[in-house]
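Novice: no sequence on this one, just coordinates:
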């Protein structure tokens, strides 16, 4: 049932296998077994992939309810525990791993020493399927105002704080003396973006095209400190969240943008688990750590 639900959610056996962290052949074997037990065809070929038959869609709807009930059973069992203890698995985007998670984890260690916390860095496209599959208990991710993150059914979201991305230009650029700039004016410089294929890369392309620009992305690197260093080296311009900037290197200048580029930092867990056990303790620690960032990230120089 979990394999069928994953295919319904992700659209292919390969994507379902990646989300469940098993091999495609393993998913196919589970689906074949389920199909024999159901006595009806659940999948049919579609191009190079598959799609659910009518019977498959009916059973997938029941699977979603069954998995939600199992999640509720886990939450109910958690209520029997008076202490916060045992494993807690958190996934988080890189900028929050650097700035938000250290104080939150310190709080958890001090207040709940029997909680065994593990942390994985990853973008939303990596961590959200792991939350749904039960491989992570909590994910910290971003949602841009002009490219919102769509959360799947069966999850609960908790807003932590807002952040802003600014334009970073080489110090010698013709606009670098400004304090604010319309993004549409920045039409004479290549861009530095996150790794191609990531949500951050797609967001950069979407933002620039929305301003009538045809972005030429010359560098794709995972990590904002590296992007800042490349800007300082005159390799191009970048859009960098304030949370990601402890300092700005010589040779780079930071300008606010028109329009403002705002993102919301969210914590996401399975629905029904936000008020129980280690997840509740982690959310409390994240809220406390977030208080120092709300409205407090400065534009830099």
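Specialist: Arrived safely, thanks for sending. Owing to the predicted nature of the structure, the values given are computational and were not obtained by experimental measurement.
Novice: which elements pack onto the helix or strand that contains residue 130?
Specialist: Here residue 130, judged by DSSP states H and E, is contained in helix 124-133. Counting contacts by 3 or more Cβ pairs under 8 Å, 6 or more residues apart in numbering; DSSP states H and E, helix 124-133 packs against helix 2-10, helix 13-20, strand 86-92, strand 138-144, strand 155-170, strand 261-270. Using the backbone N, CA and C atoms, a C-beta is placed for each residue, glycine as well.
Novice: and the fifth one, how far from the chain's centre?
Specialist: Relative to the chain's own centre, strand 155-170 is displaced by 12 Å; criterion: Cα atoms, centre = their mean, to the nearest Å.
Novice: same check, this time on stretch 100-117
Specialist: 21 Å.
Novice: how about the contacts made by the closest residue in space to residue 236 that isn't next to it in sequence?
Specialist: Sequence neighbours aside, residue 190 is the residue nearest to residue 236 in space, at 4.0 Å (criterion: Cβ to Cβ, 6 or more residues apart in numbering). Counting by Cβ atoms under 8 Å, 6 or more residues apart in numbering, residue 190 makes contact with 216-219, 235-237.
Novice: same check, this time on residue 203
Specialist: By Cβ under 8 Å, 6+ apart, the contact set of residue 203 is 144, 146-147.
Novice: what comes up buried for the lengthiest helix in the chain?
Specialist: Longest helix in the chain, counting residues (DSSP state H): helix 54-79. Going by neighbour count (16 or more other Cβ atoms under 10 Å), the buried part of helix 54-79 is 56, 59-60, 63-64, 67, 71, 75, 78.
Novice: related to what we said a few turns ago, nearest to residue 285, of the contacts of residue 203?
Specialist: When the contacts of residue 203 are ranked by distance to residue 285 (Cβ to Cβ), residue 144 comes first, at 24.9 Å.
Novice: for residue 32, find the nearest of the helices and strands packed on helix 124-133.
Specialist: helix 2-10 (9.9 Å).
Novice: tell me the mean pLDDT over that closest one?
Specialist: Per-residue pLDDT over helix 2-10 has a mean of 89.
Novice: so which elements touch that helix?
Specialist: Using 3+ Cβ pairs under 8 Å, 6+ apart: helix 2-10 touches helix 13-20, helix 24-38, strand 49-52, helix 54-79, helix 124-133.
Novice: so it versus helix 124-133, what angle?
Specialist: Angle, helix 2-10 to helix 124-133, by axes from the mean of the first three to the mean of the last three Cα atoms, to 10 degrees: 150 degrees.
Novice: excluding chain neighbours, what is closest to the most centrally placed residue in the chain?
Specialist: In the chain, the centroid-proximal residue (Cα atoms, centre = their mean) is residue 124; its distance is 2.0 Å. Nearest non-adjacent residue to residue 124, counting by Cβ to Cβ, 6+ apart: residue 141, 4.0 Å away.
Novice: and that neighbour, how many residues sit next to it?
Specialist: 26 (other Cβ atoms under 10 Å).
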